[in-house]
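*Asks:* Sequence first, predicted coordinates after that:
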Amino acid sequence: MSIPATTVSSNPKYIEIQGVEQTFKTKKGLFPALRDINLTVAKGEFVALIGHSGCGKSTLLNLIAGLTTPTAGSLICANREIAGPGPERAVVFQNHSLLPWLTCFENVYLGVERVFGARNPGAAAENKAQLKDRTDAALALVGLTAATQKRPGEISGGMKQRVGIARALAMEPKVLLMDEPFGALDALTRAKLQDELLEIVARTHSTVVMVTHDVDEAVLLSDKIVMMTNGPAATIGEVLSVDLPRPRNRVALADSPEYLHYRKAVIDFLYTRQAHVEKAA
Ligand SMILES: Nc1ncnc2c1ncn2[C@@H]1O[C@H](COP(=O)(O)OP(=O)(O)OP(=O)(O)O)[C@@H](O)[C@H]1O
């Protein structure tokens, strides 16, 4: 089953970033982190942000999350200015940030209760059974039904990261923002979670913006790879459209000429045009 083309193109300007600049005040004075960022993300699109360490990927993601405000420019999501964090934009961090004293179920339930347990404009507050069903469904989506009563200390790193993803998905966000969600995992667990994420995104038609250092991860998952120049005052150097058909299979793609072409384009950008002393892939 492939994703209908309309999923990605129905709203080509779902997220719209215009003329964004981010300058930080530091002890040594002003530090220009980002300049002149212009980017649009379509509804249902999967976008990867890639670039060398310190180029401002997390800074850009935090701006979309509404965790910070830009020094200049504007960010719009679903026709509304991004003025702060909101449940329609869920964030998954690298370190999963689970509460260690709560079970997997309780960690997810907490967010579900906050979003759906309160009376929201145009919607009645849901009862406990409905909130429990939502939590169970999100944990099932990431294959964690058997671990719902375990605490973070009793499960593996990959499982913790799945709880973080379940918690984000349970809020039915319009946009899933992921900051190197698999960066701390071993290669095999990372591959498994990437495949699961591909399936979940295909099922939920989520719009995703993901920060990554990993070239293969970017090509395998994305519709669009946003390649950032080195900082300070980093900006978008190039946007690569990845037109590989879905569903994507990592084994079949490994020696596909199209896959290798996209991979090389990203590597050329990172290591030739934005050569940097630090490793990026
Ligand atoms: N709150 C802040 N105050 C001052 N400088 C900051 C702040 N946040 C980020 N920076 C600086 O802005 C630049 C971009 O940082 P950012 O964390 O966004 O980069 P990144 O591309 O995500 O890096 P990495 O890949 O290593 O996580 C860096 O030079 C960083 O030191």
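*Replies:* Okay, I see it. Numbering: from 1, shown residues only.
*Asks:* Show me the shaky parts of this protein.
*Replies:* 1-10, 121, 276-281 (pLDDT under 70).
*Asks:* Quick check: beta-bridge partners of the most centrally placed residue in it?
*Replies:* A centroid search over the chain (CA atoms, centre = their mean) returns M178, at 2.6 Å, as the residue closest to the centre. Beta-bridge partners recorded for M178 (DSSP bridges): V92, M210.
*Asks:* wait, is A90 part of a helix?
*Replies:* No - using DSSP: H, G, I helix; E, B strand; the rest coil, the assignment for A90 is strand, not a helix.
*Asks:* Would you mind pulling up the elements that the biggest helix by length in the chain packs against?
*Replies:* The longest helix of the chain (DSSP state H) is helix 187-204. With contacts taken as 3 or more CB pairs under 8 Å, 6 or more residues apart in numbering; DSSP states H and E, helix 187-204 sits against helix 157-170, helix 215-221, helix 250-253. Any C-beta I mention is one placed from the backbone N, CA and C, and that applies to glycine too.
*Asks:* What residues does the stretch 101-250 of the chain have near the ligand?
*Replies:* Residues of the stretch 101-250 of the chain lying close to the ligand (CB under 6 Å from any ligand atom) are G231.
*Asks:* Looking at the stretch 101-250 of the chain, which residue is nearest the ligand?
*Replies:* Taking CB to the nearest ligand atom as the measure, the stretch 101-250 of the chain has G231 as its residue closest to the ligand, at 5.2 Å.
*Asks:* I'd say that residue and G54 touch.
*Replies:* Yes - using CB atoms under 8 Å as the test, G231 is close enough to G54 to be in contact (5.6 Å).
*Asks:* which one of those two has more residues nearby?
*Replies:* Using other CB atoms under 10 Å as the criterion, G231 and G54 rank with G231 on top: 19 against 15.
*Asks:* Skipping adjacent residues, who's closest to that one in space?
*Replies:* C55 (4.9 Å; CB to CB, 6 or more residues apart in numbering).
*Asks:* for H96, same thing?
*Replies:* Counting by CB to CB, 6+ apart, H96 lies nearest to G164, which is 3.9 Å off, once chain neighbours are set aside.
*Asks:* For K224, the count of nearby residues, please.
*Replies:* 20.
*Asks:* mind listing what it touches?
*Replies:* Contacts for K224 (CB atoms under 8 Å, 6 or more residues apart in numbering) come out as 41, 45-48, 239-242.
*Asks:* Distance check, it against V266.
*Replies:* To V266, K224 is 12 Å away according to CB to CB, to the nearest Å.
*Asks:* Give the intersection of the neighbour lists for these two.
*Replies:* L240.
*Asks:* related to what we said a few turns ago, what are the phi and psi values at the residue nearest to G231?
*Replies:* Here is the backbone geometry of C55 (degrees, to the nearest 10): phi -80, psi -10.
*Asks:* what sits up against the helix or strand encompassing P32?
*Replies:* Counting by DSSP states H and E, the element that carries P32 is strand 29-41. By CB under 8 Å, 6+ apart, the list of residues contacting strand 29-41 from outside reads 12-25, 47, 56, 59-60, 70, 73, 207, 209, 224, 226, 231-236, 239.
*Asks:* now the helices for the stretch 1-150 of the chain?
*Replies:* All helices of the stretch 1-150 of the chain, identified by DSSP state H, counting those that start in this stretch, fall at 5-9, 57-65, 104-116, 128-141.
*Asks:* Tabulate the ones you listed (TSV), appending mean neighbour count.
*Replies:* Rendered in TSV, the data for those read as follows (neighbours: other CB atoms under 10 Å):
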stretch	mean neighbour count
helix 5-9	13
helix 57-65	22
helix 104-116	21
helix 128-141	17
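*Asks:* Can you convert the ones you listed into a markdown table and add a column each for distance to A170?
*Replies:* Formatted as a markdown table, those follow (distance: least, CB to CB, whole Å):
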| stretch | distance to A170 |
| --- | --- |
| helix 5-9 | 21 |
| helix 57-65 | 17 |
| helix 104-116 | 5 |
| helix 128-141 | 4 |
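*Asks:* For E258, which of these is the nearest?
*Replies:* Nearest of the helices of the stretch 1-150 of the chain to E258, taken as CB to CB: helix 5-9 at 17.6 Å.
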